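Peer 1: build me a model from this:
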Amino acid sequence: MSEQQVSFYIKTNRAFSTVRQYAWLITLLIAIGGLFIPYLGLLVPFIMAALILMSLFKGRYWCGNVCPHGSLFDQVLQPLSRQVKIPAVLRSRTVIILVLLFFMFNLGRNFYGALTRVELGSVQFYEQLGVIFSNTYLVVLLVGGLLAIAVNTRTWCQFCPMGTFQLIFYRLGKVLGINHHTDEKVSVEHPELCHSCGKCARVCPMQLTPYLHFSENNQLEDEKCIRCFTCVNNCPAGILHMANRSRAEELNQNVNLDGFNEARFYKAQIKTIRELKEDDIKEYTFKLEEPPAMSFAPGQFVLVEIDESIKMFRAYTISSSSPDSSEISITVKKLEDGYGTNILFHRFQEGDNLTVKGPMGRELRVDTSAPELLFIANGIGITPFVSSAQALFERGDTRFEGQATLLYGARHEEDLVYDDYFSDVSEKHHRFNYYRVLSRPRTDHYKKGYVTDLLNEIDIPPETLVYICGTPVMASDAKKLLKGKGVPEKNIFYENFGV
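Peer 2: Numbers count the residues shown, from 1 in each chain. Predicted coordinates:
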């Protein structure tokens, strides 16, 4: 099966407010309407004054949250955009300076021409000013719009004169010390919690790489950041925030590193690649070389480096390990639009050397002191429970005297990964119950429905600890059912590896 070409940059929702959804109408009003009613162009000086004033306190916040052109690029033109890498030349200081100088020269030339034609302060003068500004908006609409479609939505923003003005006044605000409390930047709770999945870079409209450039204060200091919240809203780990310096420090001081504080980098080699489902699901076994073994709790995950050049990793649950933990295995389902899984499936071979980081994660670490455990999974979310069953029942290296139940849902018979393994464990150990269901069975040998249907049918003591791994929709439905059955929220744990 040939490698699927998946774009690095993702088209994702960037309209998180009413202003960002509909501000593009102002662009059309001034640029197009100004051709017929020139006085509409007189709105532009007020817009320029507002963005410059805001930049003193919040950097390029205007670009990402208020700008009418930005709204047009993100809300209207993004579906049409090629969304490819912005050429370095368009991001260069030379181009930025040249465009700014041309803008100032052209604006000054037009002002001078207007003064030579009409009397200063007359009706005709203001009409001429309106023409100048509406034409400027029209140029940005045409040039910025074409670049948005041909390259990337925010290509124009790399060298936009108004963006440059914002940077200048933002730095002035720093010098004056007036934006210390108002300047909110992308902030990470703690670098150790980051999966290094690169999604913040893949969704960034300015094509920045936040996960690689957090400062000692755990903030993104890049002045080109337009504070658009896109990376914050799309972070799979949910650890990014828009915060000022003091808030970022507070987040860092209150962070819970339990389950992450023992993680380290390991040099490893791919020992085997086993196909569990043709062209769809594979099990990768890594031989750990330095250090030679990894101590982990069932349910934890590792980060696997898929692109050394940009230090990009993917998070995968440890599905099993050798008795001495010198070998660990992960199970991966290929996604047609998955950037990471396409690399893993088509470029990684047995014998390849790579870097992994772990162990990480706390949500699916099993508390073996509980009298009742309930595991709920659908699809590839079954993988963390392989190591849990292995530790609790097969090896006996983890003391557990309670009862455990696994509910597993899939589409078709061939989608039941590790079905034979769990069936075997269930037959050998009376304290482990295993139930599965198929939403689209091809035969009559399996119950038809969803994993939540199984959940509806069983009695669950309120002291049960529940561990869920699977799709967000399934997890949400399961949580509602569990709460309805009297299971307190503090007893429900969920992990989603959709990164």
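
Peer 1: what does the helix or strand where Glu289 lies rub up against?
Peer 2: Assigned by DSSP states H and E, Glu289 belongs to strand 281-290. By Cβ atoms under 8 Å, 6 or more residues apart in numbering, the residues outside strand 281-290 that reach it are 266-276, 294, 304, 319, 325-334, 344-345, 348, 354, 356, 380, 417. For glycine as for every other residue, the C-beta is placed from the backbone atoms N, C-alpha and C.

Peer 1: which strands border that strand, and is each parallel or antiparallel?
Peer 2: The pairing partners recorded for strand 281-290 under DSSP bridges are strand 264-277 (antiparallel), strand 327-333 (antiparallel).

Peer 1: pLDDT on it, on average?
Peer 2: Strand 281-290 comes out with an average pLDDT of 96.

Peer 1: poorly predicted segments of the stretch 201-350 of the chain, please.
Peer 2: Within the stretch 201-350 of the chain, no stretch falls below the threshold (pLDDT under 70).

Peer 1: hey, where'd the helices end up in it?
Peer 2: Here the stretch 201-350 of the chain has its helices, by DSSP state H, counting those that start in this stretch, at 230-234, 245-253, 339-347.

Peer 1: count of neighbours near the closest residue to Leu77 other than its chain neighbours?
Peer 2: Spatial nearest neighbour of Leu77, chain neighbours left out: Ala148 (4.4 Å); criterion: Cβ to Cβ, 6 or more residues apart in numbering. Here the number of neighbours of Ala148 (other Cβ atoms under 10 Å) works out to 25.

Peer 1: spit out the contact partners of Ala148.
Peer 2: Residues in contact with Ala148 (Cβ under 8 Å, 6+ apart) are Leu72, Phe73, Leu77, Gln78, Leu80, Ser81, Arg154, Thr155, Trp156.

Peer 1: report the buried members of the residues you listed.
Peer 2: Buried subset of the contacts of Ala148 (neighbour count, 16 or more other Cβ atoms under 10 Å): Leu72, Phe73, Leu77, Gln78, Ser81, Arg154, Thr155, Trp156.

Peer 1: okay if I get those residues as CSV plus pLDDT and distance to Glu427?
Peer 2: Formatted as CSV, those follow (pLDDT from 0 to 100; distance: Cβ to Cβ, whole Å):
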residue, pLDDT, distance to Glu427
Leu72, 97, 62
Phe73, 97, 59
Leu77, 97, 59
Gln78, 96, 53
Ser81, 97, 55
Arg154, 97, 58
Thr155, 98, 61
Trp156, 98, 64
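
Peer 1: and which of these is nearest Lys483?
Peer 2: Gln78 (37.6 Å; Cβ to Cβ).

Peer 1: which SS state does that closest one fall under?
Peer 2: Recorded secondary structure, Gln78: helix (DSSP: H, G, I helix; E, B strand; the rest coil).

Peer 1: would you confirm that it contacts Thr153?
Peer 2: Yes - between Gln78 and Thr153 there is a contact under Cβ atoms under 8 Å: 5.0 Å.

Peer 1: wait, a strand at Phe400?
Peer 2: No - according to three-state DSSP, the state of Phe400 is coil, so it is not within a strand.

Peer 1: would you quantify the distance from it to Glu308?
Peer 2: To Glu308, Phe400 is 39 Å away according to Cβ to Cβ, to the nearest Å.

Peer 1: between those two, who's got more neighbours?
Peer 2: More crowded of Phe400 and Glu308, by other Cβ under 10 Å: Phe400, with 20 against 9.

Peer 1: my guess is the more buried one meets Asp367, correct?
Peer 2: No - here Phe400 does not reach Asp367: they are 9.6 Å apart, not a contact under Cβ under 8 Å.

Peer 1: just to revisit the earlier point, out of the buried ones among the contacts of Ala148, who's nearest Val99?
Peer 2: Checking the buried ones among the contacts of Ala148 against Val99 by Cβ to Cβ gives Trp156 as the nearest, at 9.7 Å.

Peer 1: was I right about that closest one contacting Leu146?
Peer 2: No - between Trp156 and Leu146 there is no contact under Cβ under 8 Å: 9.2 Å.

Peer 1: show me what counts as buried in stretch 340-350.
Peer 2: For stretch 340-350, using 16+ other Cβ under 10 Å, the buried residues are Gly340, Thr341, Asn342, Ile343, Leu344, Phe345, Phe348.

Peer 1: reformat the residues you listed as a markdown table; add distance to Ala114.
Peer 2: Shown next, in a markdown table, are the buried residues of stretch 340-350 (distance: Cβ to Cβ, whole Å):
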| residue | distance to Ala114 |
| --- | --- |
| Gly340 | 56 |
| Thr341 | 59 |
| Asn342 | 56 |
| Ile343 | 57 |
| Leu344 | 61 |
| Phe345 | 62 |
| Phe348 | 64 |
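
Peer 1: closest to Val89 out of the residues you listed?
Peer 2: Out of those, the member with the shortest distance to Val89 (by Cβ to Cβ) is Ile343, at 28.0 Å.

Peer 1: which residue is the nearest non-sequential neighbour of the closest one?
Peer 2: Distances taken as Cβ to Cβ, 6+ apart place Ile306 nearest to Ile343, at 4.7 Å, with adjacent residues excluded.

Peer 1: that older thread, which of the contacts of strand 281-290 count as buried?
Peer 2: 266, 268, 270-271, 273, 294, 304, 319, 327-334, 344-345, 348, 354, 356, 380, 417.

Peer 1: need the next SSE after the lengthiest helix in the chain, C-terminal direction.
Peer 2: Of all the elements of type helix in the chain, the one with the most residues (DSSP state H) is helix 123-150. Counting by DSSP H and E, the element after helix 123-150 in chain order, helix or strand, is helix 161-176.

Peer 1: against which helices or strands is that following helix packed?
Peer 2: helix 43-58, helix 61-65, helix 93-117 (3 or more Cβ pairs under 8 Å, 6 or more residues apart in numbering; DSSP states H and E).

Peer 1: pick the most deeply packed of the ones you listed.
Peer 2: Mean neighbour count (mean count of other Cβ atoms under 10 Å) peaks for helix 61-65 among the helices and strands packed on helix 161-176, with a mean of 23.

Peer 1: helix or strand right after that one?
Peer 2: Counting by DSSP H and E, the next helix or strand C-terminal to helix 61-65 is helix 68-71.

Peer 1: how far off centre is that following helix?
Peer 2: Centroid separation between helix 68-71 and its chain, computed with Cα atoms, centre = their mean, to the nearest Å, is 23 Å.

Peer 1: buried residues in the next helix or strand after it?
Peer 2: For helix 68-71, the following helix or strand on the C-terminal side (DSSP H and E) is helix 88-91. Under the neighbour-count criterion of 16+ other Cβ under 10 Å, helix 88-91 has Leu90 buried.

Peer 1: ok, now stretch 187-194?
Peer 2: By neighbour count on 16+ other Cβ under 10 Å, the buried set for stretch 187-194 is Ser187, Val188, Glu189, His190, Glu192, Leu193, Cys194.

Peer 1: how far off helix 43-58 does the longest helix of the chain point, in degrees?
Peer 2: 60 degrees (axes from the mean of the first three to the mean of the last three Cα atoms, to 10 degrees).

Peer 1: same question for helix 123-150, mean pLDDT?
Peer 2: Helix 123-150 carries an average pLDDT of 96.

Peer 1: not counting sequence-adjacent ones, nearest residue to the residue of the chain most remote from its centre?
Peer 2: Within the chain, the residue lying farthest from the chain centre (Cα atoms, centre = their mean) is Glu119, at 55.7 Å. Spatial nearest neighbour of Glu119, excluding adjacent residues (Cβ to Cβ, 6+ apart): Phe125 at 6.3 Å.

Peer 1: out of the helices and strands packed on helix 161-176, which comes closest to Gly238?
Peer 2: Smallest distance to Gly238 across those (Cβ to Cβ): 20.0 Å, for helix 61-65.
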